[in-house]
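Novice: Predicted model and sequence below, questions to follow.
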Amino acid sequence: MLFTIFCIDKIGMEDKRSAAMPAHVEYLNSLTSIKNIMSGPLMDDNMKNIIGSLYILEAKDRAAIEDFTSKDPLVAADIWKSIEIRAFNKRVDNR
């Protein structure tokens, strides 16, 4: 089952985000029960500033995604003002 996670940063989180990124990348690379289809930072329209994060993940159920999210070092760093998890029905994939 596919899920999206859409996160928006709190204002002024650049330094905290940068500090948490090595642990975040290590966490993503350690995944075994969840497949990271695609993920990366959300950017402002000038592509200069990170404003959040977006994930497309495959997991057995929502509980697995919620568990994954709760253990993300970016959550521990408290940089996100909002986190939305949604089931996703892929209809088009032009990669």
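Specialist: Great, that's in hand. What you see is a predicted model, and the numbers here were worked out from it, not measured in a lab. Numbers count the residues shown, from 1 in each chain.

Novice: in stretch 84-95, what's buried?
Specialist: The neighbour-count check on stretch 84-95 (16 or more other C-beta atoms under 10 Å) flags I85 as buried. Using the backbone N, CA and C atoms, a C-beta is placed for each residue, glycine as well.

Novice: Let me know the secondary structure of K60.
Specialist: coil (DSSP: H, G, I helix; E, B strand; the rest coil).

Novice: let me redo that: D78
Specialist: coil.

Novice: A23 now?
Specialist: Assignment for A23 (three-state DSSP): helix.

Novice: How about the contacts made by it?
Specialist: P73 (C-beta atoms under 8 Å, 6 or more residues apart in numbering).

Novice: now swap in N89 and tell me
Specialist: L2.

Novice: what does L31 give?
Specialist: When the contact criterion is C-beta under 8 Å, 6+ apart, the partners of L31 are F68.

Novice: Going forward, the N-terminal residue is numbered 792.
Specialist: Got it, the first residue is 792 from now on, which makes the last one we talked about L822.

Novice: Could you measure from it over to D863?
Specialist: 11 Å (C-beta to C-beta, to the nearest Å).

Novice: For K826, give me phi and psi.
Specialist: phi -100, psi 120 (degrees, to the nearest 10).

Novice: which stretches of this protein form helices?
Specialist: In the chain, the segments counted as helices under DSSP state H are 805-820, 853-861, 864-867.

Novice: what comes up buried for the first one?
Specialist: Meaning helix 805-820. By neighbour count on 16+ other C-beta under 10 Å, the buried set for helix 805-820 is 808, 811, 815, 818-819.
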